[in-house]
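**Student:** Got a sequence here, can you build the structure:
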Amino acid sequence: MSLVRLNIKGISYSQTQNGAYALILSEVEGERKLPIVIGAFEAQSIAIALEKEIKPPRPLTHDLFKNFADRFEIVVKQVIIHKLVDGVFYSSLICERDKIEEIIDARTSDAIALALRFQAPIFTYKNILDKAGIYLKGDASKEAEEEQKKENIIVDELFSKEVEIKPDQQNYKKLSLNELNNMLDQAVKNEDYEKAARIRDEISKRK
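**Tutor:** Below you'll find the model as predicted:
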């Protein structure tokens, strides 16, 4: 089976359901996107790795794994999303130490959080992308904001349980950039990385 390389496009969260996150991957040589449901902690960890400006005061679990691996000269060479069963993606870490290669089973969210830290490529098999890949490309006049709306709709569709939105998720648009930056600093200081990621998203939209 042929492998397809994927890039991390970003993390999308539900506008109607608190704690509903999807990691959006895109094929390098194509237009299809692969949405993968992930947990809030993993979303925080991936967002922090993507957003270089957010520096946690202490290492997160995936940072600790990277530090541990570096100390013992273990390298994650690549991540392969190798199976899809009942909507659940299964992944493997291809690791190397002393020129010996090992394959380690991992949750896809953890595998991708580590791939970012090791700057390792991410792959999936063509049949998985054929089965679960979607198109998000809009008309030529549609920009990133329109595509983001489509991604958010996909996240909503991935979840059936309705959860009330926290008030702080609804008020960011009303705040100034200075207020948002102060809130971001405080969220990082409090190690509330889920909130920090949401604030960072709002700041990025205004740049």
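**Student:** Near Lys66, how many other residues are there?
**Tutor:** Neighbour count for Lys66, taken as other Cβ atoms under 10 Å: 20. Placement of C-beta: from N, CA and C, glycine included.
**Student:** Now do the buried residues in stretch 26-38.
**Tutor:** Using 16 or more other Cβ atoms under 10 Å as the test for burial, stretch 26-38 gives 26-27, 32-38.
**Student:** what does stretch 56-74 give?
**Tutor:** Within stretch 56-74, the residues that count as buried by 16+ other Cβ under 10 Å are 60, 62-63, 65-66, 69, 74.
**Student:** Distance across it, terminal residue to terminal residue?
**Tutor:** End-to-end distance of stretch 56-74 (Cα to Cα, to the nearest Å): 23 Å.
**Student:** roughly how far is it from the heart of the chain?
**Tutor:** 18 Å (Cα atoms, centre = their mean, to the nearest Å).
**Student:** Also stretch 28-44?
**Tutor:** On the basis of Cα atoms, centre = their mean, stretch 28-44 sits 5 Å off its chain's mean C-alpha point.
**Student:** what domains does the record give for the chain?
**Tutor:** In terms of domains, the chain is parsed into 3-165, 166-207 (source: automatic domain parsing).
**Student:** Pick the most deeply packed of the ones you listed.
**Tutor:** Highest mean neighbour count among the domains of the chain (mean count of other Cβ atoms under 10 Å): domain 3-165, with a mean of 16.
**Student:** which SS state does Arg5 fall under?
**Tutor:** For Arg5, the assignment made with DSSP: H, G, I helix; E, B strand; the rest coil gives strand.
**Student:** Find the nearest non-adjacent residue to it, please.
**Tutor:** Nearest non-adjacent residue to Arg5, counting by Cβ to Cβ, 6 or more residues apart in numbering: Val28, 4.4 Å away.
**Student:** which residues touch the one you found?
**Tutor:** Residues near Val28 by Cβ atoms under 8 Å, 6 or more residues apart in numbering: 4-7.
**Student:** try 10 Å this time
**Tutor:** 4-7, 121-123 (Cβ atoms under 10 Å, 6 or more residues apart in numbering).
**Student:** As CSV, those with distance to Ala43 would be great.
**Tutor:** Below are those laid out as CSV (distance: Cβ to Cβ, whole Å):
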residue, distance to Ala43
Val4, 23
Arg5, 22
Leu6, 17
Asn7, 17
Pro121, 21
Ile122, 16
Phe123, 22
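**Student:** can you put those residues in TSV and add distance to Glu179 and pLDDT?
**Tutor:** Formatted as TSV, those follow (distance: Cβ to Cβ, whole Å; pLDDT from 0 to 100):
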residue	distance to Glu179	pLDDT
Val4	42	96
Arg5	40	97
Leu6	36	97
Asn7	33	96
Pro121	39	98
Ile122	36	98
Phe123	41	98
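**Student:** ok, of those, which one's closest to Tyr193?
**Tutor:** Checking the contacts of Val28 against Tyr193 by Cβ to Cβ gives Ile122 as the nearest, at 21.6 Å.
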